[in-house]
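A.B. asks: structure of the sequence below:
(2 chains)
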Amino acid sequence: EVRLLESGGGLVQPGGSLRLSCEASGFTFINYAMTWVRQAPGKGLEWLCLIRGSNFKAYYADSVKGRFTISRDNSKNTLYLQMNSLRVEDTALYFCAKKRLDAGSFDDWGQGTQVTVSS
Amino acid sequence: DTQMTQSPFSLSASVGDRVTITCQASQDIRSYLNWYQHKAGKAPRLLIYDASSLETGVPSKFSGSGSGTHFTLTISSLQPEDTATYYCQQYENMPLTFGQGTRLEIK
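C.D. replies: Sure, this is the predicted structure:
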């Protein structure tokens, strides 16, 4: 059974930093690209970034490019999201998800971790 | 960026009804379109990938169609548990983008 467990969320002041983690189990982590998606209060899903499995090539949405960094440790089956220069509008529930091997869809998701940016 | 526009924004239907949600892409995305169901407080769930392929374990009451710029998600035999927000998502181009969502309420 695939399991994705996010952690690391919390309350942080504007301009601060936070690192989210996503521990994966139940599949061969290195084989799969992984992604972060968020949902701000009252808003829809927003794709943030994606990292490929073995070559670590990463892609970002314009809204987080230069502030957020996606990374992974394949030896620990863990995905990360380093978030710097946080803004109030980054307040959201952050999900990690696994990409299908054969399509650009996300077939397994975690339950999310809440990030609140407020002074 | 490829903009994804869903309609309607929200809809209300009765048990047993069939509904269709539309997703329009701002440019040709071939068949690189997914549909997700998202219930409040839960993880999103993949329903349809590649525009019309049913994800494993998803009931056949969900179906998708379309290609190019126009896509639809149809849900038949509505039940109270279908209450959720439904999103389309394209993966032809980076950045990946979601539609704004369609909120479905079952009366």
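
A.B. asks: in chain B, which residue sits nearest chain A?
C.D. replies: B:Tyr91 (2.8 Å; C-beta to the nearest C-beta). In this view, the C-beta of every residue, glycine as well, is placed from N, C-alpha and C.

A.B. asks: got a list of what that residue touches?
C.D. replies: Contacts for B:Tyr91 (C-beta atoms under 8 Å, 6 or more residues apart in numbering or on different chains) come out as A:103-105, B:29, B:32-34.

A.B. asks: hang on, A:Tyr59 packs against A:Leu50?
C.D. replies: Yes - counting by C-beta atoms under 8 Å, A:Tyr59 does reach A:Leu50; the two are 5.0 Å apart.

A.B. asks: what residues do these two have in common as contacts?
C.D. replies: B:Leu96.

A.B. asks: isn't B:Ala13 right next to B:Val19, touching?
C.D. replies: Yes - between B:Ala13 and B:Val19 there is a contact at 5.1 Å, judged by C-beta under 8 Å.

A.B. asks: so for the residue of chain B closest to chain A, what's the pLDDT?
C.D. replies: Looking at B:Tyr91, its pLDDT reads 96.

A.B. asks: now the spatially most central residue of chain B: how far from A:Leu81?
C.D. replies: Ranked by distance to the mean C-alpha position of chain B (C-alpha atoms, centre = their mean), the top residue is B:Trp35 at 3.8 Å. From B:Trp35 across to A:Leu81, the span is 25 Å (C-beta to C-beta, to the nearest Å).

A.B. asks: one more: A:Phe27?
C.D. replies: With distances taken as C-beta to C-beta, A:Phe27 is found 20 Å from A:Leu81.

A.B. asks: and for A:Gly44?
C.D. replies: Remark: distance between A:Gly44 and A:Leu81 (C-beta to C-beta) = 19 Å.

A.B. asks: when these two are compared, which one has more neighbours?
C.D. replies: The neighbour comparison of A:Gly44 against A:Leu81 (other C-beta atoms under 10 Å in any protein chain shown) goes to A:Leu81, with 26 against 16.

A.B. asks: which residues does that one bridge with?
C.D. replies: With DSSP bridges applied, A:Leu81 shows beta-bridge pairing to A:Leu20, A:Ile70.

A.B. asks: thinking again about what came up before, of A:Tyr59 and A:Leu50, who's got more company?
C.D. replies: Shown here are A:Tyr59 and A:Leu50; by other C-beta under 10 Å, A:Leu50 has more neighbours (24 against 17).

A.B. asks: confidence score at the more buried one?
C.D. replies: Confidence at A:Leu50, expressed as pLDDT, is 97.

A.B. asks: same thing with the one 3 residues further on?
C.D. replies: Reported pLDDT at A:Gly53 in the predicted model: 90.

A.B. asks: OK, contacts around it?
C.D. replies: So A:Gly53 contacts A:29-34, A:74 (C-beta under 8 Å, 6+ apart).
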